[in-house]
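Novice: make a model of this:
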Amino acid sequence: MKKRILSVALILSVAFTSVFANGGSDPEAVFKKEFPSAQLISWNKMGDLLKAVFLLDGHRTEAYFQEDGHFLGSSRAIFFDQLPLAASRALDKKYANANYIEIYEITNDEGTQYRIRLEQESKTYRIRVDGNGNITDSDRIKK
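Specialist: Sure thing, here's the model as predicted:
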């Protein structure tokens, strides 16, 4: 009898551990843990993903989750002076006197990167740069 109870307990603990190890949880519960000070939260379904749009420290922020609650990443609009120093210096060197149209900070499992759209000499570019100042992608956008 003791072996049977022990077996059932072991099976149940393995089952629960595998469910929660895969991030299996309510997306809203995971959201509250990741962003406890978020305000004005709204949820949208985008295909197989859930997107939370909210204010965090005065910034409009978006967070993306799988339906099982797995947190995929977040993005927020920032200003040029909020970029890491290495990133802003690299952009200043390569795109002197540019007009920065939009800058997004994107954070996910791969780390933090910045997606930037800028104009320089009547040309528009879409740039990706990491916090160390490495420009990882640069495309000219045709008008």
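Novice: correct me, but Asp48 touches Gln66?
Specialist: Yes - in this structure, Asp48 is within contact of Gln66 by Cβ atoms under 8 Å, at 7.0 Å. All C-beta spots, glycine's among them, are computed from the backbone N, C-alpha and C.
Novice: at which residues are the strands of this protein located?
Specialist: For the chain, the strands defined by DSSP state E cover 39-46, 49-56, 59-66, 71-77, 99-108, 111-120, 123-130, 135-141.
Novice: dump the residue contacts of the nearest residue to Phe65 once chain neighbours are set aside.
Specialist: Closest residue to Phe65 apart from its sequence neighbours, by Cβ to Cβ, 6 or more residues apart in numbering: Pro27 at 4.2 Å. Pro27 is in contact with Leu50, Ala52, Phe65, Gln66, Glu67, Gly69, counting by Cβ atoms under 8 Å, 6 or more residues apart in numbering.
Novice: of Asp48 and Gln66, who's got more company?
Specialist: Taking neighbours as other Cβ atoms under 10 Å, Asp48 and Gln66 compare with Gln66 leading, 16 against 7.
Novice: contacts only, for that one.
Specialist: Residues near Gln66 by Cβ under 8 Å, 6+ apart: Gly23, Pro27, Asp48, Leu49, Leu50, Leu72.
Novice: same check, this time on Ala87
Specialist: Per Cβ under 8 Å, 6+ apart, neighbours of Ala87: Tyr114, Val129, Asp130, Gly131, Asn132, Gly133.
Novice: how about 10 Å then?
Specialist: By Cβ atoms under 10 Å, 6 or more residues apart in numbering, Ala87 lies in contact with 80, 103, 105, 112-114, 116, 127, 129-135.
Novice: again with Asp109
Specialist: Taking Cβ under 10 Å, 6+ apart, one finds Phe71, Leu72, Gly73 in contact with Asp109.
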